[in-house]
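Peer 1: quick one: sequence and predicted model below, then my questions.
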Amino acid sequence: MNLQEQIRKVLLQESLKQSLKDQVKEFGYEETAKYVDGLENLAKLAFDNDPFEYLNTIKETFNFVQNDIKGWTLIKDNNGNTLMICIPSIQSVFVNNYLVWKFLWDGFDLNYEDVQDVITKWFEDEYNTSVTVSRGNSAQTQFWGI
């Protein structure tokens, strides 16, 4: 393979990667995964099997909502679904089980403790804060009035 072919291949891969990320942002990871034969392939093709890249995509593309009354930071998707709740007063992060945790678990083949470690490290790196990570579900976020 000559240099021109190698460059073309890299550009096509980057274009596919960005296109898949755009699809995840618009339609969600489960819908997008159907077109690339599953969550593991989506993790590989769109995020280079790097869960931190997935979390950074969340950070870059979704809405951060500060709740001044409760002092919480909510990370919501474009449809208003709560993805994560950060509660600094108790140094905790609650992660939506279906919208975030499942993709880290199934797509990146991480176990429960690995998912906790990845999210904990990501929060430490991105926000310079130490947190305890728990998984929550939409019913809990509804109960919390979020």
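Peer 2: Cool, the structure landed.

Peer 1: so what's A33 up against?
Peer 2: Residues in contact with A33 (C-beta atoms under 8 Å, 6 or more residues apart in numbering) are L39, N41, L42, G107. (C-beta placed from N, C-alpha, C; glycine too.)

Peer 1: can I assume N56 sits in a helix?
Peer 2: Yes. The assignment for N56 by DSSP: H, G, I helix; E, B strand; the rest coil puts it in a helix.

Peer 1: how near is it to Q18?
Peer 2: Using C-beta to C-beta, to the nearest Å, one obtains 14 Å as the distance from N56 to Q18.

Peer 1: okay, the two: which has more neighbours?
Peer 2: More crowded of N56 and Q18, by other C-beta atoms under 10 Å: N56, with 15 against 11.

Peer 1: my read is T73 is in a strand, agree?
Peer 2: Yes. Read with three-state DSSP, T73 is one of the residues of a strand.

Peer 1: the lengthiest helix in the chain: which residues count as buried?
Peer 2: Secondary structure assigned by DSSP state H gives helix 3-27 as the longest helix of the chain. By 16 or more other C-beta atoms under 10 Å, the buried positions in helix 3-27 come out as L20, K21, Q23, V24, K25.

Peer 1: gap between the fourth one and L83?
Peer 2: Relative to L83, V24 is positioned 12 Å away (criterion: C-beta to C-beta).

Peer 1: cheers, nothing more for now.
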